[in-house]
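Participant: Sequence and predicted structure below; questions after.
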Amino acid sequence: MNKNLSLLILSQIFAFTTAPVTVFLSGIIGSNFSPTNSLATLPMAISVVGISLFALFAAKLMSIIGRKFGFIYASIGTSIASLLTAYSIIIESFILYNLGCFLIGGGIAFSHQYRFAAVEAVDKDYAPKAISIILLAGIGSAFIGPNIANISKGFISDHMYAGSYLALALLAISSTIFLFFYQEPKKPSSNQYKTGRSFFELISQPRFLQALVASAFAYAVMTFLMTATPISMHLMEKISLSKTSVVIQIHIAAMFLPSLITGNLIKRFGHSKIMYLGVLLFSVTIITSLFEQNFINYLIALIFLGLGWNFLFISGTSLLVLCYREEEKFRAQGYNDLIVYSIQAVASLSAGVFLSLTSWKTMNLICLIFLIIITLSTIRADLVKKNPSN
């Protein structure tokens, strides 16, 4: 822990409040303003699309102006987008609300770069721990964001939730307070994004591909099943909304709390072994779906879903930083996030469709494909490491 890492943690807590608030409110507001019920979740999906489309831009911009000003400008932009979203609620414009969610998604794409900034604030040996700490700070965002949004929802009495986005604008801009004291470890050169290997050259490295696959498919499986859980539990199995909420809340805790130890586990056992453990934890989720779909089984499934995501995503991200040269870090990070969050967007958009066409059990079995791909890419990378001549 050092000054820069501490400032990044504090800044990220406020900057990332946009993510849980979007999850918390977008469906509710979407159902009030959308012309049909089928479009109620469109704002949430649009925000995820915004994350994936802005991922590469965020990395490229930071390669030019640096992390510090990249985060500051993103916070200002997110604050303006939140004000736009508040205005859309006041005038009851569904189209404008979706635009606001899309731009907020763009701000979240910048927030995801905090984990790479954290790695740059410490020695590479401590990269897994730094990433773990940044992800653990997400609990603070998940607590502050929705609670402030709930408290402020009635500030504009005639327009419920407009006040929530006004408060969100303040939370987003608050992150800049800490960034002013942040010292850029190394100023990027003006052409840094243009240097280095191409995407195909980077992905030809077994370790780079292993890191990318672990992060991308960890998000795919987690988002695919988490998005479908409330519909499967509450609407299909008629389990109460309060119990469904408990399952989601504990799932989120399972996603982030293991970050207290994940970095240490990676440092002790290595990236691949923690990835295998993540696949094993995901397998428990899939096996649980084969039994009766009741509250306890959903709870067990979602706990192991969160644990598996944590181990795979942190090990994948911390391995990635070992697979590129200093001059090509922004390019490599941008490509990584573009693919990871594009796959997340597809998983989020398709979850409801697959659940309506198949079943909860079938959706879990489909995820076996992703686990096999993660396992095979890890085995391949391990074999190449043992036999570099091959």
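Facilitator: Perfect, I can see it now.

Participant: can you tell me how far Ile151 sits from Phe295?
Facilitator: The gap separating Ile151 from Phe295 is 29 Å, by C-beta to C-beta, to the nearest Å. (C-beta placed from N, C-alpha, C; glycine too.)

Participant: Please identify which of those two sits among more neighbours.
Facilitator: More neighbours surround Phe295 than the other of Ile151 and Phe295, with 15 against 12 (other C-beta atoms under 10 Å).

Participant: so the spatially closest residue to that one that is not a sequence neighbour is in which element?
Facilitator: Leaving out its chain neighbours, the residue that sits closest to Phe295 by C-beta to C-beta, 6 or more residues apart in numbering is Lys243, at 5.2 Å. Counting by DSSP states H and E, the element that carries Lys243 is helix 241-256.

Participant: need the contact list for Phe304.
Facilitator: Applying C-beta atoms under 8 Å, 6 or more residues apart in numbering to Phe304 gives the contacts Ala254, Leu281, Phe282, Val284, Thr285, Thr288.

Participant: Now Ile252: closest residue in space that isn't a chain neighbour?
Facilitator: With sequence-adjacent residues excluded and distances taken as C-beta to C-beta, 6+ apart, Ile252 is closest to Ala142, at 6.0 Å.

Participant: Now do the helix or strand hosting that neighbour against helix 241-256, angle only.
Facilitator: If you go by DSSP H and E, Ala142 is part of helix 138-151. Angle, helix 138-151 to helix 241-256, by axes from the mean of the first three to the mean of the last three C-alpha atoms, to 10 degrees: 150 degrees.

Participant: Which neighbouring elements make contact with the following helix or strand past helix 138-151?
Facilitator: Downstream of helix 138-151, the first helix or strand assigned by DSSP H and E is helix 162-179. For helix 162-179, the helices and strands in contact under the criterion 3 or more C-beta pairs under 8 Å, 6 or more residues apart in numbering; DSSP states H and E are helix 3-15, helix 18-33, helix 42-90, helix 138-151.

Participant: Same list (these) but as JSON lines, adding distance to Tyr97.
Facilitator: Output for the helices and strands packed on helix 162-179, formatted as JSON lines (distance: least, C-beta to C-beta, whole Å):
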{"stretch": "helix 3-15", "distance to Tyr97": "21"}
{"stretch": "helix 18-33", "distance to Tyr97": "6"}
{"stretch": "helix 42-90", "distance to Tyr97": "4"}
{"stretch": "helix 138-151", "distance to Tyr97": "15"}
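
Participant: Worst mean pLDDT among the ones you listed?
Facilitator: Comparing mean pLDDT across the helices and strands packed on helix 162-179, the weakest is helix 18-33, with a mean of 81.

Participant: mind exporting that one as CSV, just the C-alpha atoms?
Facilitator: Output in CSV follows, covering the C-alpha atoms of helix 18-33 (Å, rounded to 0.1, in the frame of the first residue of the first chain):
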residue,chain,number,x,y,z
THR,A,18,-22.3,4.6,-11.4
ALA,A,19,-22.3,0.8,-12.0
PRO,A,20,-24.4,-0.4,-9.1
VAL,A,21,-26.7,2.6,-9.4
THR,A,22,-27.3,1.7,-13.0
VAL,A,23,-28.1,-1.9,-12.0
PHE,A,24,-30.3,-0.7,-9.2
LEU,A,25,-32.4,1.9,-11.1
SER,A,26,-32.3,1.3,-14.8
GLY,A,27,-34.8,-1.5,-14.9
ILE,A,28,-37.2,0.3,-12.6
ILE,A,29,-37.1,3.6,-14.6
GLY,A,30,-37.1,1.7,-17.9
SER,A,31,-40.3,-0.1,-17.0
ASN,A,32,-41.9,3.3,-16.2
PHE,A,33,-40.9,5.0,-19.5
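
Participant: Give me the angle between it and helix 42-90.
Facilitator: Interaxial angle, helix 18-33 versus helix 42-90 (the same axes, to 10 degrees): 70 degrees.

Participant: next one: stretch 216-235 to chain centre, how far?
Facilitator: Taking C-alpha atoms, centre = their mean, to the nearest Å, one finds stretch 216-235 lying 14 Å from the centre of the chain it belongs to.

Participant: Over to stretch 351-368?
Facilitator: Counting by C-alpha atoms, centre = their mean, stretch 351-368 comes out at 21 Å from the chain centroid.

Participant: give me the low-pLDDT residue ranges for the chain?
Facilitator: Residues of the chain meeting the criterion pLDDT under 70: 1, 37-38, 41, 186-195, 386-390.

Participant: So which residue is smack in the middle of it?
Facilitator: Of all residues in the chain, the one closest to the mean position by C-alpha atoms, centre = their mean is His112, 6.9 Å from it.

Participant: Who are the contact partners of that residue?
Facilitator: Contacts here follow C-beta under 8 Å, 6+ apart; on that basis His112 touches Ile51, Ala55, Ala58, Asp337, Tyr341.

Participant: Dump those into JSON lines; add neighbour count as well.
Facilitator: Formatted as JSON lines, the contacts of His112 follow (neighbours: other C-beta atoms under 10 Å):
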{"residue": "Ile51", "neighbour count": "28"}
{"residue": "Ala55", "neighbour count": "26"}
{"residue": "Ala58", "neighbour count": "26"}
{"residue": "Asp337", "neighbour count": "25"}
{"residue": "Tyr341", "neighbour count": "28"}
